[in-house]
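[1] everything below, folded, please.
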Amino acid sequence: MAIYNKLEAKPAPKGTKGVGKWIQENLFPSVTSSLLTILSLMLLCYIIPPLLDWMAFDATWSGTKEEITNHGARWIFIYEKFNQFIYGFYPEELYWRPNFILVLFVASIVVFKKIKHIKVRAAILILFPIVSFVLLYGGLGLEVVPTTKWGGLLLTIVVAAVGIVVSFPIGIIFALGRQSKMPIIKTISVVYIEFIRGVPLITLLFMSSVILPLFFPEGMNFDKLLRALIGVTLFQAAYIAEVVRGGLQAIPKGQYEACDSIGLSYWQAMGLVILPQALKISIPNIVGSFVALFKDTTLVLIIGLFDVLAMVTLTTKDPHWLGFETEGYVFVTIIYWIICFSMSKYAQSVENRFNTDHK
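    The predicted model follows:
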């Protein structure tokens, strides 16, 4: 009988791992890639130093407008107008309400991840929007704050959040309707999706703001923000429907046949087998639609709502702060980038968590 001696593991040969190997494989794998890497580094060296000088090293961070002596960014404008950028015209003494909603949102995410009980999760999904609305608008003993005073980042998040949450189930329904074998339901779904996708969002906002009230009885006046939410939701639902339909078409026919073979009804098959797989496949495209919607919220300015970008234009009209548009737009750009990047990274973590591929 042969006797095998246990060999000790040896470290990987030099040059097969480490920072140097990563740089070689990712930045200089070929002559073309090396040239592009060098050109990119030269461009960054040309752009970054003056940008850092303007944004940080030569910027004015405190003091008054009259004390500005540096030639960099004048961030004192952001400091002075910060509350308007974030809360719009919301009463200052009631800032605790949106701040408390933010705390509830973070706590809800933590609880939602840690507790797997379906009833607890359903309660969070139902109660959080109701509590948020009561806190923001008022009622039940709280002072009422009309939506005309909502603005800034607060309004942007409200429009985007409502559009994302409400349009998602509507989009799924229309995606299923477009694949339905019933002619009436399929025709309605196709007409809705193609019509909405064929017009820009600004057109729907005008329609929801001007034309929608004409369909209601005389004396019934819809809130302007509610009209905008209806337009944004209808617009986003059509795009979600097409994204989900793409995921449904990617599901192999054998999955449908397997559902039929074990006697599942249509809704059981969709809810338990088909839709979970389709939504998992569609996560990147769904998040892309949500990010696009978040950026499209700037169009609500057209119907007289002041989101965070509109607040920059409004605050720079102040006679005491003329000429500070650049700082305001850079600040808003950073806000949008942080939020959109966070949405993308969170979606990536969800995608990895539900990834069932065997590698």
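
[2] spit out the contact partners of residue 247.
    With contact taken as C-beta atoms under 8 Å, 6 or more residues apart in numbering, residue 247 is in contact with 277, 278, 279, 280, 281, 282, 285. Placement of C-beta: from N, CA and C, glycine included.

[3] correction: the previous question concerned residue 85.
    With C-beta under 8 Å, 6+ apart, residue 85 has these contacts: 78, 152, 153, 308, 311, 312, 315, 328, 331, 332.

[4] what helix or strand does the residue most central in space within the chain sit in?
    Nearest to the mean C-alpha position of the chain, by C-alpha atoms, centre = their mean, lies residue 291 at 4.0 Å. Residue 291 is part of helix 275-296, with elements assigned from DSSP states H and E.

[5] what's that helix packed up against?
    Under the contact criterion of 3 or more C-beta pairs under 8 Å, 6 or more residues apart in numbering; DSSP states H and E, helix 275-296 touches helix 152-178, helix 224-249, helix 325-353.

[6] circling back: ok, the contacts of residue 247 vs residue 26, which is closest?
    Among the contacts of residue 247, residue 285 lies closest to residue 26 (C-beta to C-beta), at 26.9 Å.

[7] just list the residues touching that closest one, thanks.
    Counting by C-beta under 8 Å, 6+ apart, residue 285 has contacts 243, 246, 247.

[8] give me the angle between the helix holding residue 291 and helix 152-178.
    Per axes from the mean of the first three to the mean of the last three C-alpha atoms, to 10 degrees, the angle that helix 275-296 makes with helix 152-178 is 140 degrees.

[9] and helix 275-296, what's buried?
    Neighbour-count burial for helix 275-296, with 16 or more other C-beta atoms under 10 Å as criterion, is recorded at 275, 277-279, 281-283, 285-291, 293-294, 296.

[10] just after it, pick out the following helix or strand.
    Following helix 275-296 in sequence order, the next helix or strand is helix 308-315 (DSSP H and E).

[11] spatially nearest residue to residue 245 (excluding sequence neighbours)?
    Residue nearest to residue 245 in three dimensions, not counting chain neighbours: residue 175, with 4.4 Å by C-beta to C-beta, 6 or more residues apart in numbering.

[12] wait, doesn't the one you found sit right on residue 241?
    Yes. Applying C-beta atoms under 8 Å, one finds residue 175 in contact with residue 241, separated by 4.4 Å.

[13] shared neighbours of the two, anything?
    residue 189.

[14] low pLDDT regions in the stretch 151-300 of the chain?
    Low-confidence segments of the stretch 151-300 of the chain, defined by pLDDT under 70: 219-220.

[15] helices of the stretch 1-150 of the chain, start to end?
    Taking DSSP state H, counting those that start in this stretch as the criterion, the stretch 1-150 of the chain contains helices spanning 19-26, 31-52, 76-87, 96-114, 118-137.

[16] same list (these) but as TSV, adding distance to residue 230 and mean pLDDT.
    Output for these, formatted as TSV (distance: least, C-beta to C-beta, whole Å; pLDDT from 0 to 100):
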stretch	distance to residue 230	mean pLDDT
helix 19-26	47	78
helix 31-52	41	90
helix 76-87	24	89
helix 96-114	22	88
helix 118-137	16	87
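
[17] in TSV, list those along with distance to residue 340.
    TSV is the format used below for those (distance: least, C-beta to C-beta, whole Å):
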stretch	distance to residue 340
helix 19-26	25
helix 31-52	20
helix 76-87	17
helix 96-114	17
helix 118-137	21
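
[18] okay, now residue 135: neighbour count?
    Look at residue 135: counted by other C-beta atoms under 10 Å, it has 20 neighbours.

[19] again with residue 136
    A total of 18 residues lie near residue 136 under the criterion other C-beta under 10 Å.

[20] one step back: pick out the most distant pair among the contacts of residue 247.
    Longest distance between any two of the contacts of residue 247 is 14.5 Å, between 277 and 285; criterion C-beta to C-beta.

[21] list the residues that contact the residue nearest to the centre of the chain.
    With C-beta under 8 Å, 6+ apart, residue 291 has these contacts: 340, 343, 344.

[22] let me see the confidence value for residue 67.
    In this prediction, residue 67 carries a pLDDT score of 68.
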